[in-house]
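> When you get a sec, could you give me coordinates for this:
(one chain, ligands or ions: 1)
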Amino acid sequence: MRLLEERIQKDGEIIGNDIVKVDMFLNHQIDVELLCEIGKEFKRLFADRPVNKIVTIEASGIGIACITAQYFSVPVVFAKKGNHRNVGNDIYTGEVFSFTKGVTTQIGISRKYISPDDHILIIDDFLANGGAAKGLIGIIEQAGATVEGIGIVIEKGFQSGGKELREMGYNLKSLAVINSIDEGKIIFG
Ligand code: 5GP
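Below is the predicted model:
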C-alpha cells in the first residue's frame, strides 16, 4: 500500500536495527484518515472471506481493528494481557513472547465472545516473529472457530513470523512489508 509505505518513510523512526517506531501516525498519535484507508484495504484483500468477527490484541491493535471492522460491519474482540481478573474465569488463554519488550505475557479472551461458529480475521499493527499472531490463533482454535485470515499493517519480512505463518497455511496479508533496514534506511518488499 503505497500511501502507507510513504508515511513509514516520512514519519517512521528506526530503533536499533530491527524496530520501527510509528508513534507519529499509528501507535501513539493516530491518523484516523490513514486508518480508514487501511481498513478499506483490508476489506478489499479479504472480501472473499466470510468474516463475522475481528480479533486483535491490546493495545495497539484495537484502533486499527475497530476502524477495519466498520468496513466489514462486524464486532471486534481484543485479547487482554495479564492476569484477566476483569475478564472472569471462563476464558481461553495463551502466551505471547513480546518481541519489543522481551517478556512473555499471558493473553486471554472470554469464552462468551468466541464460538465455533465464528469466522475470524486477525488484525495487528506489526508482524515480527509471529508470537502475537500465534497466541491469537491458539485461542481461536481452542474455541473451535475458524481463522479466515491475518491482516497486518506492517510486516518485517526479515523476521520469521510471516514465513512461518504462510507455511502453516494461514491466509496472511500485509499492507507494507519491510524487507530490510539498511544503514537507517527502510527498504520495502
Ligand atoms: P511478533 O509477536 O510478531 O514477534 O511481534 C508483533 C507484536 O510486537 C506486535 O503486536 C507489535 O505490537 C510489536 N512489534 C513487533 N515489532 C515491532 C516494531 O518494529 N515496532 C513496533 N512499534 N511494534 C512492534
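
> how about the strands in this structure?
For the chain, the strands defined by DSSP state E cover 13-15, 19-21, 53-57, 76-81, 91-97, 104-110, 119-127, 146-156, 172-182, 185-188.

> Now do the contacts for Gly189.
For Gly189, the contact set (CB atoms under 8 Å, 6 or more residues apart in numbering) comprises 157, 177-179. (Each C-beta comes from the backbone N, C-alpha and C, glycine too.)

> ok, now how distant is it from Phe158?
Gly189 is 10 Å from Phe158, where distance means CB to CB, to the nearest Å.

> So among the contacts of Gly189, which ones count as buried?
157, 177-178 (16 or more other CB atoms under 10 Å).

> which one of those sits closest to Gly102?
Closest approach between the buried ones among the contacts of Gly189 and Gly102, by CB to CB: Ile178, at 20.4 Å.

> hang on, that closest one packs against Ile187?
Yes - Ile178 is within contact range of Ile187, at 7.1 Å (criterion: CB atoms under 8 Å).

> Identify the residue spatially nearest to the residue most central in space within the chain, adjacent ones excluded.
In the chain, the residue lying closest to the centroid (CA atoms, centre = their mean) is Asp124, at 1.2 Å. With CB to CB, 6 or more residues apart in numbering as the criterion, Asp124 has its nearest non-adjacent residue at 4.7 Å, and that residue is Gly61.

> returning to what we had before: now the strands of the chain in JSON lines, with distance to Lys134 and mean pLDDT?
Formatted as JSON lines, the strands of the chain follow (distance: least, CB to CB, whole Å; pLDDT from 0 to 100):
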{"stretch": "strand 13-15", "distance to Lys134": "24", "mean pLDDT": "95"}
{"stretch": "strand 19-21", "distance to Lys134": "20", "mean pLDDT": "96"}
{"stretch": "strand 53-57", "distance to Lys134": "11", "mean pLDDT": "98"}
{"stretch": "strand 76-81", "distance to Lys134": "12", "mean pLDDT": "97"}
{"stretch": "strand 91-97", "distance to Lys134": "8", "mean pLDDT": "94"}
{"stretch": "strand 104-110", "distance to Lys134": "11", "mean pLDDT": "96"}
{"stretch": "strand 119-127", "distance to Lys134": "10", "mean pLDDT": "98"}
{"stretch": "strand 146-156", "distance to Lys134": "10", "mean pLDDT": "98"}
{"stretch": "strand 172-182", "distance to Lys134": "12", "mean pLDDT": "96"}
{"stretch": "strand 185-188", "distance to Lys134": "24", "mean pLDDT": "94"}
